[in-house]
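[1] A predicted structure for the sequence below; I have some questions about it.
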Amino acid sequence: MTEKLLRPLRTRPWPERWLTRVLGAALSCAAYFLCLPWDLSNRPETENSTLETTPVTGLGVVFLALALLLLAAYFGHRDALAWPLLLVAVPPATLLYVSLRTHPGPPDGFANAWLLSWAFFTQLIAAEVFVAAVVARQFRPHLADEDLILAHRL
């Protein structure tokens, strides 16, 4: 069973390949929904308070990063290098974009700063996913054999 779960996806039949990829994207979305609140706007700490608090917690961000790290490592080990970015990084970045776009901040001069926040966090997520996928690819036993075959052909 473990061998089937870790075998490269390119050797699997196409329905299994695409079902695995769709499941990976769904898990990436589910991790975002579970770890980060949908409404990211700041709220007053108490009624008539000047201090604001955000619903995003550090623990939620850490759990999201760990979930995306594990998914990226899994798909980096099993699939081509571009797939982890598409399956693991794009869904949370899209959901973050929609969330920030639908909940604009107050018109205090920083109303359009959400776009910079989105770009920064998207790059952060993509970098994490890419590094995890590259590291996981190093543990593919068949990758060394393919490199030897390609080097011998040259």
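    Okay, I see it.
[2] how about the spatially most central residue of the chain, secondary structure?
    Closest to where the C-alpha atoms of the chain average out (CA atoms, centre = their mean) is residue 89, at 3.2 Å. Recorded secondary structure, residue 89: helix (DSSP: H, G, I helix; E, B strand; the rest coil).
[3] ok, now which ones touch it?
    Going by CB atoms under 8 Å, 6 or more residues apart in numbering, residue 89 touches 28, 68, 72, 122, 125-126, 128-130. Using the backbone N, CA and C atoms, a C-beta is placed for each residue, glycine as well.
[4] quick one, helices of this structure?
    For the chain, helices defined by DSSP state H occupy the ranges 2-6, 14-35, 58-78, 82-84, 90-102, 114-137, 141-153.
[5] can you flag the weakest of those by average pLDDT?
    Mean pLDDT is lowest for helix 141-153 among the helices of the chain, at a mean of 53.
[6] and the gap between residue 74 and residue 84?
    Residue 74 is 8 Å from residue 84, where distance means CB to CB, to the nearest Å.
[7] okay, these two: which has more neighbours?
    residue 84 (30 against 21; other CB atoms under 10 Å).
[8] which ones are touching the more buried one?
    71-72, 75-76, 129-130, 132-133.
[9] redo those residues as TSV? Include distance to residue 55 and neighbour count.
    Converted to TSV, the contacts of residue 84 look like this (distance: CB to CB, whole Å; neighbours: other CB atoms under 10 Å):
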residue	distance to residue 55	neighbour count
71	24	23
72	26	29
75	29	27
76	31	26
129	24	27
130	28	18
132	27	22
133	30	26
